[in-house]
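Student: My questions concern the predicted model and sequence given below.
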Amino acid sequence: MRFFGSLAVALSMYSKIPVPTVDWNEKNMKYAMCFFPVAGVVTGALEYAAGYALLTWTDCGSLFFAAVMTMIPVLVTGGIHLDGFADTMDALSSYGDREKKLEILKDPHTGAFAVIWLCAYFLINAALWSEADLSVLPAAALMFPLSRSLSGISVVSFRAAKNSGLLRTFQDGAQRRRVRIVLILWAAACGAGMVCLAPIPGGIALGAALLVFLHYFCLSRKQFGGTTGDLAGYFLQICELAILAALILGGGCLWK
């Protein structure tokens, strides 16, 4: 029961999974980020179960299958990471200076570029899922805890762009060194599992995830002076899209 409060904080913040209400106190915040990948485990399990059921027990078309697989993560998370993706795309599309971009990230209004890029994201994601088969599902299920592990590592490792905000709250409350070690172990386990389940496409997918992580690090420092909660969400969404693309293309699904 020692870490139950930290688990509840992580799941209540980063998912719509029902958990008991707990206080966001120093004790519960200390290791909350360690449990961030648990939301990904739940998402991956639901994706695998739904995908296996649809492909094995039904004659549904590829469009219906792709729509279900695309919407499951949104339903589990409530779209919190997509919100970060949308805000980041608005900020990047402004071509303003650093302060202007940070102002856009704080703006609660949704701009035109956010809508455009969200539509593009869903279209690409659904198109990739429409080409998936049963062989893709086991490794694809692991991309959700992997992306959250890497996103969590950035939260406790990267410089914050602002002295306030939700990301700074998690940074200040976390036992950073221990949390970083736990998240690295999460990422290593997910990456190893992906490679074991699908050696070639899994290896390509892991490489894609690390390249996106490098892109995120450079982008956050150059464009924003550090990371924010929105940027962490942006990275998570791009990372999952890159992993899925690598598994589909690396597995040869488009050429069968």
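Tutor: On my side now, so go ahead.

Student: May I have the residues that are in contact with the nearest residue to Tyr31 once chain neighbours are set aside?
Tutor: Nearest non-adjacent residue to Tyr31, counting by C-beta to C-beta, 6 or more residues apart in numbering: Ser6, 4.3 Å away. Quick note: C-beta positions are derived from backbone N, CA and C, even for glycine. Shown in contact with Ser6 (C-beta atoms under 8 Å, 6 or more residues apart in numbering): 28-32, 34-35.

Student: 7 Å instead?
Tutor: Contact analysis of Ser6 by C-beta atoms under 7 Å, 6 or more residues apart in numbering lists 28, 30-32, 34-35.

Student: Just want the phi and psi numbers for it.
Tutor: Phi and psi for Ser6, reported as degrees, to the nearest 10, are phi -70, psi -40.

Student: remind me which residues of the protein are low pLDDT?
Tutor: The chain contains residues with pLDDT under 70 at 1-2, 24-26, 163-175, 251-256.

Student: show me where it has helices.
Tutor: Per DSSP state H, the chain carries helices over the ranges 4-14, 26-29, 36-57, 62-77, 80-94, 98-106, 112-130, 137-141, 143-157, 166-173, 176-197, 199-219, 229-250.

Student: Adding distance to Pro20, write the ones you listed out as CSV.
Tutor: Shown next, in CSV, are these (distance: least, C-beta to C-beta, whole Å):
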stretch, distance to Pro20
helix 4-14, 6
helix 26-29, 12
helix 36-57, 15
helix 62-77, 18
helix 80-94, 20
helix 98-106, 31
helix 112-130, 32
helix 137-141, 27
helix 143-157, 21
helix 166-173, 19
helix 176-197, 22
helix 199-219, 33
helix 229-250, 24
